[in-house]
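Return atomic coordinates for the entry below.
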Amino acid sequence: MVNLSGAKSLIKCLKLENVEYVFGLPGGANLPIYDALVDSNIRHILVRHEQIGAHMADGYARALRKPGVCMATSGPGATNLVTGLATAHLDSSPVVAITGQVPTDYIGKDAFQETDAVGVLIPVTKYCIMPTTAAEVPYCVKKLFHLSNTGRPGPVLLDMPKDVQQETIEFDYPKKIQLQGYEALVNPDSRLVNKAANLLLSAKKPMILAGGGVTICNSFKTLQNLAEFLMAPVVTTFKGKGAFPENHPLALGPIGMHGRIEANKMILETDVLLAIGCRFSDRSVGRWDTFGNNMKIIHIDIDKSEIGKNKKPTVGIHGDLNLTLNKLLPILMKKSIVKNNPWMARLKSLKNQYKDTSNYDDDTVNPRSILKELRKVIPNNTIITTDVGQHQMWSSLYFDIYNPGTFFTSTGLGTMGFGFPAALGAKVGKPNLPSICISGDGSFNMVEQALATAVLDNIPAIVIILNNGSLGMVAQWQRVFYNKRYLGINLQNSPDFVKIAQAYGAEGIRVQSIPEFNKAVKNALNSEVTTVIDIPIDPEADVFPFVAPGTSLADMILPS
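Got it, this is the predicted structure:
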């Protein structure tokens, strides 16, 4: 054993957890940690706002499927993490947040920059802890990393008082950790798996709904084998987009509020739905009281609380997805499935009927032509992130994901400003892959200062801004539901994003045509610095189909 301060103990713990990068911003309450970080080979990436640090850690975590680490000081530093950690929480992303705190004997006395970080962040994290002695630090770190990336992943918080960072202890890091009542890997009930298999084998119109859990568990190949054996069409939640290759003959793409027409229609016709790693959110299935009433539902999830929370299944299986699917598939394969049935004919019919239902012209600059061109230009393994708004939904509709696990967006919290920092974090994690953020002018305006981090830390991501000079999704709702009574959506006076990019030392270009866009993307892929591509589009372009809040998937508003 060696004697280490609490801060040096923390850094040694991070090394033992194979942490290579931290995304953070220093302050008075975490300076001992930063001083210890100087002597390590962990790379610190300086962010310009703590929320950006949390999103970068989130993007890193999603790309590598391992915890991303962010740091902040006490008080406003810690509270600035809230939105980023809430985003990770609702999307089940493993982020470890480390905050400084005032000394233990100052706590509760309204000391300078004191905030109850644990109390603030408990609702939006999987677990929070504040060690009160340096001796607790190794166990706390081991516990947090274990919790963050096992079971249903999620963000966790270590809040370290300054005196705990400075106290010296004999360092001892636990090799294993056991938490009473916590199941990191849940084996499914074999009886329920058999029951699910029987339902699927008896189905005439089987369908698979793949959620974000498939990506988290890296269950892509098993899912594909299952779909191909059952000859079951696959739809995804928006969080599950990319869980199944969207150029596969059985792929229908995302369902939901802005899901694809054929996906929304066909899921309402299935007789047995196998739902994997999803939570039946309102944005995916519309009204819970009408969805699924004419089908039998099999729901598999690692989080027991999700089973029956929004939609009661016929068979609910609490279990790890890989363990469950690997039990289910051999049972099914003992039987034979009719390969050429009316259900497959229905699939082909709907796909053909709705393969081009937009009212966009491919020869003009519009969301569809931009995203279709982007798909042609970039490699299939490119990591795509999006911000939140119309551009996000257009990406869902018009940009196909071919390599599973390469599409990341904020689905649960719907966080504007997530996309660019997440693309930077993903690029840090996978530097050899292109990383592209599809954004809007409203979203990018919120985090444009991340360009400083991108340039000074040499993280060459690409940002594509579909610039309609407005908060486009809000404007669409005001057009559709509020008789065009616009307020608070005009961004015509937004800064010149090309000049903003150049001011930070990045590359900025504005394009006016599809050939110009093609050239700009190709140049950006070969650039050594971040490139911002600004594309003006029609401010009244809308996203269709559209399932209005409080209605069912059957009530889709279609493009005129």
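
low pLDDT regions in this structure?
Scanning the chain for pLDDT under 70 picks out 1, 338-340, 357-359, 362.

what's the longest helix in it?
When every helix of the chain is counted residue by residue (DSSP state H), the longest turns out to be helix 50-64.

Packing partners of whichever helix or strand comes after that one?
Where DSSP states H and E defines the elements, the next helix or strand beyond helix 50-64 is strand 68-72. When contacts are defined as 3 or more Cβ pairs under 8 Å, 6 or more residues apart in numbering; DSSP states H and E, strand 68-72 sits against strand 21-24, helix 50-64, strand 95-101. In short, each C-beta sits where N, CA and C put it, glycine included.

tell me the angle strand 68-72 makes with strand 95-101.
Inter-element angle recorded for strand 68-72 and strand 95-101: 20 degrees (by axes from the mean of the first three to the mean of the last three Cα atoms, to 10 degrees).

Run the angle between strand 68-72 and helix 50-64 for me.
170 degrees.

so how far is strand 68-72 off the chain centroid?
What separates the centre of strand 68-72 from the centre of its chain is 17 Å, taken as Cα atoms, centre = their mean, to the nearest Å.

Name every strand pairing with it and say which way it goes.
Using DSSP bridges, strand 68-72 pairs in its sheet with strand 21-24 (parallel), strand 95-101 (parallel).

Just the residues contacting that strand, thanks.
The contact list for strand 68-72 (Cβ atoms under 8 Å, 6 or more residues apart in numbering) reads 14, 19, 21-27, 30, 33, 47, 50, 53-54, 56-61, 78, 80-81, 84, 93-100, 425, 429.

returning to what we had before: name the helices or strands packed onto the longest helix of the chain?
strand 21-24, strand 68-72, helix 82-90, strand 95-101, strand 407-408, helix 419-429, helix 441-447, helix 450-456.

Which one, of the strands paired with strand 68-72, ends up nearest to residue 10?
With Cβ to Cβ as the criterion, residue 10 lies closest to strand 95-101 of the strands paired with strand 68-72, at 7.2 Å.

roughly how far apart are residue 422 and residue 62?
7 Å (Cβ to Cβ, to the nearest Å).

Equivalent analysis for residue 275, please.
Noted for residue 275: a distance of 21 Å to residue 62, by Cβ to Cβ.

of the two, who's got more company?
With neighbours defined as other Cβ atoms under 10 Å, residue 275 and residue 62 compare such that residue 62 has more, 31 against 28.

Skip the chain neighbours and tell me the closest residue to the more buried one.
Nearest in space to residue 62, with sequence neighbours left out and distances taken as Cβ to Cβ, 6 or more residues apart in numbering, is residue 408 at 4.7 Å.

residue contacts, the one you found?
Neighbouring residues of residue 408 by Cβ under 8 Å, 6+ apart: 59, 62-63, 383-386, 422, 426.

wait, residue 319 sits on residue 188?
Yes: under the criterion of Cβ atoms under 8 Å, residue 319 makes contact with residue 188 at 3.0 Å.

Could you name every residue contacting both of these two?
With Cβ under 8 Å, 6+ apart as the test, residue 319 and residue 188 both reach residue 300.

which stretch of helix or strand covers residue 463?
Assigned by DSSP H and E, residue 463 falls in strand 462-467.

Could you check how far that strand is from the centre of its chain?
Taking mean C-alpha positions (Cα atoms, centre = their mean), strand 462-467 and its chain are 19 Å apart.

Show me what that strand is packed against.
helix 367-377, helix 390-398, helix 419-429, strand 435-440, helix 441-447, helix 514-525, strand 531-536.

Repeat the analysis, applying 7 Å as the threshold.
The elements that strand 462-467 packs onto, with contact taken as 3 or more Cβ pairs under 7 Å, 6 or more residues apart in numbering; DSSP states H and E, are strand 435-440, helix 441-447, strand 531-536.

That one - which strands sit beside it in the sheet, and in what orientation?
strand 435-440 (parallel), strand 531-536 (parallel).

Single out the most deeply packed of the ones you listed.
strand 435-440 (a mean of 29; mean count of other Cβ atoms under 10 Å).

So which residues make contact with it?
378, 382-387, 389-391, 395, 419-420, 423, 426-427, 461-466, 472 (Cβ atoms under 7 Å, 6 or more residues apart in numbering).

who touches residue 451 in this structure?
Counted by Cβ under 7 Å, 6+ apart, residue 451 has contacts 501, 504, 506, 530.

out of the residues you listed, who's nearest residue 554?
The nearest one, if we look at the contacts of residue 451 relative to residue 554 and count by Cβ to Cβ, is residue 530, at 43.6 Å.

I'd like the distance between the closest one and residue 457.
Distance of residue 530 to residue 457, given as Cβ to Cβ: 10 Å.

and the two? which has more neighbours close in?
Higher neighbour count among residue 530 and residue 457: residue 530, with 29 against 16, using other Cβ under 10 Å.

gap between that one and residue 501?
Using Cβ to Cβ, one gets 8 Å for the distance from residue 530 to residue 501.

same check, this time on residue 487
The spacing between residue 487 and residue 501, counted by Cβ to Cβ, is 30 Å.

Comparing the two, which residue is more hemmed in?
Comparing residue 487 with residue 501 by other Cβ under 10 Å, the one with more neighbours is residue 501, at 25 against 9.

Please, which helix or strand holds that one?
Residue 501 belongs to helix 497-503 when assigned by DSSP H and E.

which residues touch residue 6?
Residues counted as contacts of residue 6 (Cβ under 7 Å, 6+ apart) are 134, 137, 160, 164-167, 169.

just curious, which of these is nearest to residue 292?
For the contacts of residue 6, the minimum distance to residue 292 (Cβ to Cβ) is 46.5 Å, reached by residue 160.

Can you list phi and psi of the closest one for me?
For residue 160, the backbone dihedrals (degrees, to the nearest 10) come out as phi -110, psi 110.

Surely it is in contact with residue 102?
No: under the criterion of Cβ atoms under 7 Å, residue 160 makes no contact with residue 102, lying 10.6 Å away.

Pick out whichever of these two has more residues nearby.
Neighbour count, other Cβ under 10 Å: between residue 160 and residue 102, residue 160 has more, with 28 against 22.

roughly how far apart are that one and residue 109?
Computed as Cβ to Cβ, the residue 160 to residue 109 distance reads 18 Å.

any idea how far residue 342 lies from residue 226?
Counting by Cβ to Cβ, the gap from residue 342 to residue 226 is 21 Å.

what about the two, which has more around it?
Each of residue 342 and residue 226 has its neighbours counted (other Cβ under 10 Å); residue 226 has more, 23 against 11.

That one: which element?
Using DSSP H and E, the element containing residue 226 is helix 220-230.

Any chance you could list what contacts that helix?
Contacts for helix 220-230 (Cβ under 7 Å, 6+ apart): 200, 206, 208, 210, 214, 234, 243-244, 250, 276, 322, 325-326, 329, 332-333, 337, 404-405.

one more time with 6 Å
Helix 220-230 has contacts (Cβ atoms under 6 Å, 6 or more residues apart in numbering) with 206, 208, 214, 234, 250, 325, 329, 404.

Residue 406 against residue 383, yeah?
Yes: counting by Cβ atoms under 6 Å, residue 383 is a contact partner of residue 406 at 5.2 Å.

State the number of residues packed around residue 557.
When neighbours are counted by other Cβ under 10 Å, residue 557 registers 13.

Identify the bridge partners of it.
Applying DSSP bridges, one finds that residue 557 bridges with residue 546.

and the gap between it and residue 545?
Per Cβ to Cβ, residue 557 is found 6 Å from residue 545.

Residue 402 now?
Per Cβ to Cβ, residue 402 is found 23 Å from residue 545.

Compare neighbour counts for those two and give me the winner.
Under the criterion of other Cβ under 10 Å, the comparison of residue 402 against residue 545 puts residue 545 first, with 22 against 16.

Kindly provide the distance from the nearest residue to the more buried one once chain neighbours are set aside to residue 546.
Using Cβ to Cβ, 6+ apart and skipping the chain neighbours, the partner closest in space to residue 545 is residue 556 (4.4 Å). Using Cβ to Cβ, one obtains 7 Å as the distance from residue 556 to residue 546.

One more: residue 192?
Distance of residue 192 to residue 546, given as Cβ to Cβ: 37 Å.
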